[in-house]
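1. dropping a prediction and its sequence here:
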Amino acid sequence: MSTTSSYISSSSAPVPTATADGSASSSDTSATRLAMIMSVAIASICLTCFVWQSIQSYKLLGKSKWSQLSVLAFCQCLLGTVYSLFTLAAYCLSMSCEVRAVAEVIIINISDVVLQVILMHRFYAIKRRKAVLFVGITFIVALLVYLMVALAAGDIQSFMVGNVCVTGSRKYLSTTTR
């Protein structure tokens, strides 16, 4: 029995498959190796960009005397750097798929909250309406509550297919009667 893993591939490239024990078949070794090389290359490019953005936003911190937006932009860049480092480390170190999935969910969602705060701050600076603040803060708090509930009650299904972690959808705890 074989299951197909989720690779982005053109119609002419073979789709790697895995056997029931999770190991890749011999015909798919070159495709898996190429996918791994491409993934590391893309993650390295992202890391380079985030490090550059972190350096530039740190310089902006000094010029703007630690304004709120500069601090938030710096945090956004640092979170991107941490995420890129974590992604590269995951290729080199043997981490469980669950740890990788939970860490990535936390980093991405915190980064999203920081981005939403920056956008709300800029929009409020233009419009100067308290209704904008109320709606913006409501959405940000809702996102934070969702993140906490999802991490506390959700179960991330993540497993290895070949050399790739595949993350499934969340299962939420619910009360069911039997």
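-> Good, I have the coordinates.
2. C-alpha only now, for contacts and for neighbours.
-> OK.
3. low-confidence regions, this protein specifically.
-> The chain contains residues with pLDDT under 70 at 1-28, 154-156, 162-164, 168-178.
4. quick one, strands of it?
-> If DSSP state E is used as the criterion, the strands of the chain fall at 3-4, 17-18, 154-155, 158-161, 164-167, 171-172.
5. tell me where the longest helix sits in the protein.
-> Ranked by residue count under DSSP state H, the longest helix found in the chain is helix 29-63.
6. just checking, what packs against that helix?
-> Taking 3 or more CA pairs under 8 Å, 6 or more residues apart in numbering; DSSP states H and E as contact, the helices and strands that helix 29-63 lies on are helix 68-92.
7. chain center to the helix it packs on, what's the gap?
-> Relative to the chain's own centre, helix 68-92 is displaced by 10 Å; criterion: CA atoms, centre = their mean, to the nearest Å.
8. hmm, residue 165 and residue 97 touching each other?
-> Yes - contact criterion CA atoms under 8 Å: residue 97 and residue 165 qualify, at 5.7 Å.
9. pull up the overlap in contacts between these two.
-> Common neighbours of residue 97 and residue 165 are listed as 158-159 (criterion: CA atoms under 8 Å, 6 or more residues apart in numbering).
10. ok, residue 107 - how many residues close by?
-> Neighbour count for residue 107, taken as other CA atoms under 10 Å: 16.
11. hang on, I meant residue 47
-> Counted with other CA under 10 Å, residue 47 comes out at 21.
12. check contacts around the closest residue to it other than its chain neighbours.
-> Spatial nearest neighbour of residue 47, chain neighbours left out: residue 84 (5.1 Å); criterion: CA to CA, 6 or more residues apart in numbering. With contacts defined as CA under 8 Å, 6+ apart, residue 84 is in contact with 43-44, 46-47, 50.
13. please produce JSON lines containing the residues you listed, extended by distance to residue 103.
-> Listed next are the contacts of residue 84 as JSON lines, based on distance: CA to CA, whole Å:
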{"residue": "43", "distance to residue 103": "16"}
{"residue": "44", "distance to residue 103": "19"}
{"residue": "46", "distance to residue 103": "17"}
{"residue": "47", "distance to residue 103": "17"}
{"residue": "50", "distance to residue 103": "18"}
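14. quick check, nearest of the residues you listed to residue 35?
-> residue 43 (12.2 Å; CA to CA).
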